[in-house]
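J.: Sequence plus the predicted model coming up.
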Number of protein chains: 2
Amino acid sequence: MRGNTPRPARAVVLVFLGAIAAGTALLMLPASRRGDGAAPLLTAFFSATSAITTSGMSTVDIATYWSGFGHVLLAVLTQAGGFGITAAATVLGLLVSQRLGLRGRMMAGAETGSGVAHGDVRRVLVLAAVVMFASEAVMAVFVTGRLWLSYRVAFPSALREGLFNAVQAFNNSGFSLRSEGLSGFVGDWWICVPLTLGVIVGGLGVPVLYEIAKELRRPAAWSTHTRLTVWGSLVLLVVGFVTVLGFEWNNALAPLGVADKVLASFVQGTIPRSGGFNTLDYGSFDQDTSAIVTGLMFIGGGSASTAGGIKVTTFFLLAFVIWTEARGERDVVVGRRRIAESTQRQATAVALLGVAAVAAGTLLLLRLTADVTFDRALFEVMAAFSTAGLTTGLTAELSGPGQLVLIVMMFVGRVGTVAVASALALNTRHRLYRYPEERPLVG
Amino acid sequence: MRGNTPRPARAVVLVFLGAIAAGTALLMLPASRRGDGAAPLLTAFFSATSAITTSGMSTVDIATYWSGFGHVLLAVLTQAGGFGITAAATVLGLLVSQRLGLRGRMMAGAETGSGVAHGDVRRVLVLAAVVMFASEAVMAVFVTGRLWLSYRVAFPSALREGLFNAVQAFNNSGFSLRSEGLSGFVGDWWICVPLTLGVIVGGLGVPVLYEIAKELRRPAAWSTHTRLTVWGSLVLLVVGFVTVLGFEWNNALAPLGVADKVLASFVQGTIPRSGGFNTLDYGSFDQDTSAIVTGLMFIGGGSASTAGGIKVTTFFLLAFVIWTEARGERDVVVGRRRIAESTQRQATAVALLGVAAVAAGTLLLLRLTADVTFDRALFEVMAAFSTAGLTTGLTAELSGPGQLVLIVMMFVGRVGTVAVASALALNTRHRLYRYPEERPLVG
Ligand SMILES: [K+]
Ligand SMILES: [K+]
């Protein structure tokens, strides 16, 4: 981008780098680690990056490695990272729509697409914070109450775990205060359903939540962005649910009863969208389930949300582009709205840059680590890039250079996609002349 | 495409299906098989599809399974398939450029892109045939001479093998009359260099060969299509060469001297572009080499060539789209020519449909076969889709349903991409009204 990255995008990158540095320093304090001594630099760096990018991957056992203070730090970093990225993406999105809206109005009367009007910034961010805290409170009540009343966990411990899980779920991260994750609650509707719904709400994104709140009773008035995100998310949730239920019935789900199979499939089919906790062991999944989960992670959640990936709108816009081509239409039309050519090209660029980043990361991980199979390397890199943070168990075994690859992938996937997308949209120049048009053969 | 696939594209699909049926019947004749009995339906079906799509994959040992008559049949089917697809793609390309050219002239004075003028069809196809037979003759002379003079093979056998290899190379197929393929010639410049150059020439494509022949001394006059194909192919050849040499130096290349290492890397770095013969064992390659080879197979060779894949122009056009986005330019400009928006969208559609086809094929292969690892399934499906036809050894072990998956992938990759690309370009309609424009958030 040759030094012409627009300044707001660059600022977001710098703020996140600063936050990761601060988080690393705090996690290296002796007080953060359980027992004597302090966490080494790489471990703290990995965990801070993972928390702030809300990936939830870890090279150590969160439960036993960090102290109570360390756990609070991780929760705060996750919360700050999750809210920070959604706020940043929302503001950048507004800048983009403002800029394009002005130009659009001058040029062709184009509407802007995010459904968030200009000048709304403060109101939008306040609403985002309210939704976040309310969702987390509801989840915390369910999880705390259930742990306290049914599992006989002492109230302070139950509350601590309830709050921690609520923060992890809404921010689509995936740390757990238990070494075995949430696998002990695989059949527990009181714990699984609230947390999974929290993951879904957190993954819709601020512009969508804002518009739903504003126009709850008039879905017809929703912007194309909101409709694409809501319907697209629903489709992906069904795909995830059916995949896990169908392919793992006799495998990872085999020990469970029918009701528990359904619940576990709902949870584990939702999570790849970018949440990171698990009630089943991804390492035990069939290869084809893993492959589909890998694809779902790549797509991720909504724009300006706590979820990662290339985003739901990007994926479905490209599907509409293909559909339009197949029908031989000139305009890409989604629900009676024409999609701007520049938006189509941005979607292509974001998706292909994502493929390139994941490919480069996978090759690097294969180069830098011995005895890793291709599919596990791809899964792990995809989990880092999409900040889904799932693991087949590889993360804990990685060498230093391998860990650095995942750190870079988490940062690129979380901050890079948002910064690149807005940089692409903000950074426009016009030549005063145009070259003659040509049509090379394709395919 | 709901029954509105343009008729020329549908005709190509039907002709190829008919040719495969005829080839299957011929290969099931007892005379085609060595020894007693005839080849079973599935084996003949697989081999006929492989020959006609010039993939060169095989579930049996070509050398010992088929009779001399069977070998002649395979060579004829390969030749017919290779020339057939290039001719079909050339004619479809001309139809497209004619249609678009007419419309373009009416609309905006657009130039057409393939560099082949209208009404040239007969001249172009004659030239294609001349280049094909001349290239094959040169290769046959080298290989026959070398086998006869240096390896003391009897002249008739040497001639038979020379002709067979020449046909396989130019048509970017990969059958061999030796059970061990060309691995016995890994250090033999007289055999490897002519065959590899034949693979490269065959993979450039008819429009490019025609334009080079016409304007050999004025590269500045070449169309964007020809320049993209030539320079793009060069870049991919260097990537393939450097990858194999660098990553396999101490692995698959370890037993060889330095000169042989260089030769083998030249050969095996070129082949993934869609040729199918091998002097090294792909099964022994490092995982990261395999991953890059898989990517090169997906890209493939030139449009309207004997090579498969999504094609060099498709790949590099998308790279230019990303570059344009990153620089914030409005027009995608390649060497002082603006690329039509519709061409950009076709490239996106062809590439993404390719990804979808390979993903579906890989999932299906994993479902239908036991004990196959993800990376090998992906490699094999990619080899079939791109008709590169390389194998890590998996093809020979596949169950019936697994073989059917590869048959479908070969057909879709070879005929489907050409038919779809031209159908996309030919099939255009216009609505009389346009919807208001909107810009959903992306990324
Ligand atoms: K996560
Ligand atoms: K081939």
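T.: Sure, I can see it. Ligands and ions are numbered 1, 2, ... in the order given.
J.: Show me the shaky parts of chain A.
T.: Chain A contains residues with pLDDT under 70 at A:1-6, A:96-120, A:424-434, A:439, A:443.
J.: Determine the longest helix present in it.
T.: Ordering each helix of chain A by length in residues (DSSP state H) puts helix A:68-107 first.
J.: Ramachandran coordinates for A:Tyr282?
T.: Main-chain torsions, A:Tyr282, degrees, to the nearest 10: phi -60, psi -30.
J.: Tell me, how many residues neighbour it?
T.: By other C-beta atoms under 10 Å in any protein chain shown, 19 other residues sit near A:Tyr282. Glycine gets a C-beta too; all of them are placed from N, C-alpha and C.
J.: thought it was touching A:Thr395?
T.: No - A:Tyr282 is not in contact with A:Thr395 according to C-beta atoms under 8 Å; the separation is 11.1 Å.
J.: so what's the nearest residue to A:Gln79 once chain neighbours are set aside up against?
T.: Distances taken as C-beta to C-beta, 6 or more residues apart in numbering or on different chains place A:Val167 nearest to A:Gln79, at 5.4 Å, with adjacent residues excluded. A:Val167 makes contact with A:75, A:78-79, A:136, A:173, according to C-beta atoms under 8 Å, 6 or more residues apart in numbering or on different chains.
J.: from these, which two are the most distant?
T.: A:Glu136 and A:Ser173 (12.1 Å; C-beta to C-beta).
J.: More neighbours: those two, which one.
T.: Comparing A:Glu136 with A:Ser173 by other C-beta under 10 Å, the one with more neighbours is A:Ser173, at 34 against 22.
J.: State the three-state secondary structure for the more buried one.
T.: coil (DSSP: H, G, I helix; E, B strand; the rest coil).
J.: roughly how far apart are it and B:Arg217?
T.: Here A:Ser173 is placed at a distance of 63 Å from B:Arg217 (C-beta to C-beta, to the nearest Å).
J.: swap in A:Pro40?
T.: In terms of C-beta to C-beta, A:Pro40 sits 65 Å off from B:Arg217.
J.: what's the answer for A:Ala259, then?
T.: Computed as C-beta to C-beta, the A:Ala259 to B:Arg217 distance reads 77 Å.
J.: Could you do A:Gly354 as well?
T.: Counting by C-beta to C-beta, the gap from A:Gly354 to B:Arg217 is 43 Å.
J.: Look at the two and report which has more neighbours.
T.: Using other C-beta under 10 Å as the criterion, A:Gly354 and B:Arg217 rank with A:Gly354 on top: 26 against 6.
J.: Check the secondary structure at that one for me.
T.: Following three-state DSSP, we place A:Gly354 in the helix state.
J.: For it, which non-adjacent residue is closest in space?
T.: A:Ile310 (4.6 Å).
J.: so that neighbour touches A:Leu296, yeah?
T.: No - using C-beta under 8 Å, A:Ile310 is not in contact with A:Leu296; the gap is 11.5 Å.
J.: which non-adjacent residue is nearest A:Trp148?
T.: Closest residue to A:Trp148 apart from its sequence neighbours, by C-beta to C-beta, 6+ apart: A:Ala158 at 4.1 Å.
J.: Distance check, the one you found against ligand 1.
T.: Going from A:Ala158 to ligand 1 by C-beta to the ion, to the nearest Å gives 24 Å.
J.: isn't there a helix covering that residue?
T.: Yes - under three-state DSSP, A:Ala158 falls within a helix.
J.: and it, how far is that from chain B?
T.: Here A:Ala158 is placed at a distance of 39 Å from chain B (C-beta to the nearest C-beta, to the nearest Å).
J.: contacting residues for that residue?
T.: A:Ala158 makes contacts with A:143-145, A:147-148, A:151, as judged by C-beta under 8 Å, 6+ apart.
J.: Next: A:Met28.
T.: Applying C-beta under 8 Å, 6+ apart to A:Met28 gives the contacts A:38-41, A:44.
J.: and with 10 Å instead?
T.: Residues near A:Met28 by C-beta atoms under 10 Å, 6 or more residues apart in numbering or on different chains: A:38-41, A:43-45, A:48.
J.: Among the residues you listed, which lie within helices?
T.: If you go by DSSP H, these have A:41, A:43-45, A:48 in helices.
J.: Can I have the buried ones of those residues as a PyMOL selection?
T.: Here is the PyMOL selection string for the buried members of those, based on 16 or more other C-beta atoms under 10 Å in any protein chain shown:
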select buried, chain A and resi 43+44+45+48
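J.: Out of the ones in helices among the contacts of A:Met28, the closest to chain B would be?
T.: A:Ala48 (24.1 Å; C-beta to the nearest C-beta).
J.: show me what contacts that closest one?
T.: By C-beta under 10 Å, 6+ apart, the neighbours of A:Ala48 are A:19-28, A:39, A:73-74, A:77, A:81, A:407.
J.: Now the buried members of these.
T.: Counted by 16+ other C-beta under 10 Å, the contacts of A:Ala48 give A:19-20, A:23-24, A:26-28, A:39, A:73-74, A:77, A:81, A:407 as buried.
J.: Ends of stretch A:329-336, what's the gap?
T.: 14 Å (C-alpha to C-alpha, to the nearest Å).
J.: Show me what counts as buried in that stretch.
T.: Buried residues in stretch A:329-336, defined by neighbour count with 16+ other C-beta under 10 Å: A:332-334.
J.: right, and A:Arg330 touches B:Glu341 too?
T.: Yes - counting by C-beta atoms under 10 Å, A:Arg330 does reach B:Glu341; the two are 9.3 Å apart.
J.: thinking again about what came up before, return the distance of the longest helix of chain A from the chain's centre.
T.: Between the mean C-alpha location of helix A:68-107 and the chain-wide mean there is a distance of 13 Å, by C-alpha atoms, centre = their mean, to the nearest Å.
J.: List the buried residues for the helix or strand following it?
T.: Note on helix A:68-107: by DSSP states H and E, the next helix or strand toward the C-terminus is helix A:121-149. Buried residues in helix A:121-149, defined by neighbour count with 16+ other C-beta under 10 Å: A:124-125, A:127-128, A:131-132, A:135-136, A:138-140, A:142-148.
J.: Stretch A:267-286 and chain B in contact?
T.: Yes - residues of stretch A:267-286 contacting chain B under C-beta under 10 Å from any C-beta of the partner chain: A:Asp286.
J.: what's the span of that stretch, first residue to last?
T.: As for stretch A:267-286, its first-to-last residue distance stands at 17 Å under the measure C-alpha to C-alpha.
J.: Which residue would be the closest one in the stretch 101-250 of chain A to ligand 2?
T.: Proximity of the stretch 101-250 of chain A to ligand 2 (C-beta to the ion) peaks at A:Phe247, 32.4 Å away.
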